[in-house]
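Engineer: Sharing a model prediction with you, sequence too.
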Amino acid sequence: MTGHPLTGDPSPFIHPTAIVEQDAVIGAQTRIWHHAHVRVGANIGPDSVLGKNVFVDAGVAIGAGCHVQNNVSIFAGITLEDRVFVGPSAVFTNDRTPRAGGEAWDIIPTLVCEGASIGANATILCGLVIGRYATVAAGAVVTHGIEPHGLVAGVPARQIGWVCPAGHVMSKEPSHHPVAPCPDCGWIFTKSL
């Protein structure tokens, strides 16, 4: 596969040091950078970016327009929907009781919904749903699912507010959905989103 990020070529761009295994599906204009590794059967949508040292495990699905920054591993059982941002060195787990030896390996799925953002160095435990357009602050340790548009921070992560689809903080009242439009963009929160 060839292509170049600056020429407008619709082919995916895969850096010469990256490894993309056979039967991985890479969408148009997706860019895979230095030392990334995409395993067999992974499916990466169009217009996505995988930074340096990103690992995508076998069978993982990454949607369109996602940005996965440097040093992130997306293990089996993790799904990123469209337009998800994952900051540098964020961590996803996929087993609640990992051991170096033994036969039992129980992959617990995690879903990161459309438009969500995971901050740098955040840790996402397995078996969770990160809601649409939710934001996880840098360094947070997420142990529970996050509502759509929820803003969480801390160790363990707690909801501290709400964000609009553009990521602006709409409210720092974690227990109630915002009732006023976003002060930055005018977006109005609706429970269905």
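Structural biologist: Sure, I can see it.

Engineer: so what's Val20 up against?
Structural biologist: Met1, Ile14, Ile26, Ile32, Val38 (C-beta atoms under 8 Å, 6 or more residues apart in numbering). To be clear about C-beta, it is placed using only N, CA and C from the backbone, and glycine gets the same treatment.

Engineer: which residues does it bridge with?
Structural biologist: Counting by DSSP bridges, Val20 is bridged to Val38.

Engineer: can you start the count at 12 instead of 1 from here on
Structural biologist: I'll keep to 12 as the first residue from here, and by that count the last item is Val31.

Engineer: Next, format the contacts of Val31 as a markdown table and append secondary structure.
Structural biologist: Formatted as a markdown table, the contacts of Val31 follow (DSSP: H, G, I helix; E, B strand; the rest coil):
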| residue | secondary structure |
| --- | --- |
| Met12 | coil |
| Ile25 | strand |
| Ile37 | strand |
| Ile43 | strand |
| Val49 | strand |
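
Engineer: and which of those is nearest Thr90?
Structural biologist: Val49 (15.1 Å; C-beta to C-beta).

Engineer: That closest one and Ser100, how far apart?
Structural biologist: According to C-beta to C-beta, to the nearest Å, Val49 and Ser100 sit 19 Å apart.

Engineer: Repeat that for Ser128.
Structural biologist: Ser128 is 15 Å from Ser100, where distance means C-beta to C-beta.

Engineer: For the two, indicate the residue with more neighbours.
Structural biologist: Ser128 (21 against 17; other C-beta atoms under 10 Å).

Engineer: ok, that one touching Arg94?
Structural biologist: No - applying C-beta atoms under 8 Å, one finds Ser128 not in contact with Arg94, separated by 9.4 Å.

Engineer: returning to that earlier point: please list only the buried members of the contacts of Val31.
Structural biologist: With burial judged by 16 or more other C-beta atoms under 10 Å, the buried subset of the contacts of Val31 is Ile25, Ile37, Ile43, Val49.

Engineer: Quick check: the two most widely separated of these?
Structural biologist: Among these, the pair separated by the greatest distance (C-beta to C-beta) is Ile25 and Val49, at 8.6 Å.
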